[in-house]
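1. here is my input; please provide its structure:
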Amino acid sequence: MVDMEVIDFDESEVWNEVCIESIKYKNKNFDEWCDLLALPAFDVQNLEEVEFANKEAMRLTELISSNCSKTKGTFYLAKAAYTNAMHLAKNKIIEEIEQSGVKRLPSQDNLERMALDKCLKEWRVMLKSEIIYEFWQTHSYKLNQIHTRLTSLNIIKNIESKQLVI
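-> Residues are numbered from 1 along each chain as shown. Below is the predicted model of the structure:
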């Protein structure tokens, strides 16, 4: 993985690629998931292809909804673990300072920074789980847009098929 302290504008594309390749969910990175979640191209004039697209969209709905709910739960658990770790770290820092005889405690901002230094693992897990959850939320939104379009196509195809029968 690339070690970057400061990312300037020119490096954003490299950073984007690093993130896409390095963050994995169920042993697949975001590019691999995007390939699996793509609805195949189809001819909107062909009723059989529209029906196939509907079936594929239903399969994707189950996959995306399931993973979205799982990653939401994972994110909330990671967030709770991070919050708890921060609370414990702050209490321990305060206790250590009080036991050392120092009369003045650090400001809340400094205490927060000191606690964060002790909770970096929990912070990283929370951040990664949030990114993965956002990925699935985005695909859920995308699929809702596809469903809207497919519904319109189904209505048009039903009207056309009824006119052919008449």
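2. and residue 90, how many neighbours?
-> Counted by other Cβ atoms under 10 Å, the residues lying close to residue 90 total 19. In this view, the C-beta of every residue, glycine as well, is placed from N, C-alpha and C.
3. quick one: list the elements packing against the longest helix along the chain.
-> The residue-count maximum for a helix in the chain (DSSP state H) belongs to helix 47-100. Judged by 3 or more Cβ pairs under 8 Å, 6 or more residues apart in numbering; DSSP states H and E, helix 47-100 is in contact with helix 108-118, helix 120-165.
4. make TSV out of the ones you listed and add mean neighbour count and mean pLDDT.
-> Output for the helices and strands packed on helix 47-100, formatted as TSV (neighbours: other Cβ atoms under 10 Å; pLDDT from 0 to 100):
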stretch	mean neighbour count	mean pLDDT
helix 108-118	13	95
helix 120-165	15	85
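5. export the ones you listed to TSV and tack on distance to residue 21?
-> Below are those laid out as TSV (distance: least, Cβ to Cβ, whole Å):
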stretch	distance to residue 21
helix 108-118	27
helix 120-165	13
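6. and of these, who's closest to residue 45?
-> Judged by Cβ to Cβ, the one of those that comes nearest to residue 45 is helix 120-165, at 8.9 Å.
7. chain center to that closest one: distance?
-> 14 Å (Cα atoms, centre = their mean, to the nearest Å).
8. the longest helix of the chain to helix 120-165, inter-axis angle?
-> 160 degrees (axes from the mean of the first three to the mean of the last three Cα atoms, to 10 degrees).
9. got the angle between helix 47-100 and helix 108-118?
-> 110 degrees.
10. of all the helices and strands packed on helix 47-100, which one is nearest residue 54?
-> helix 120-165 (5.6 Å).
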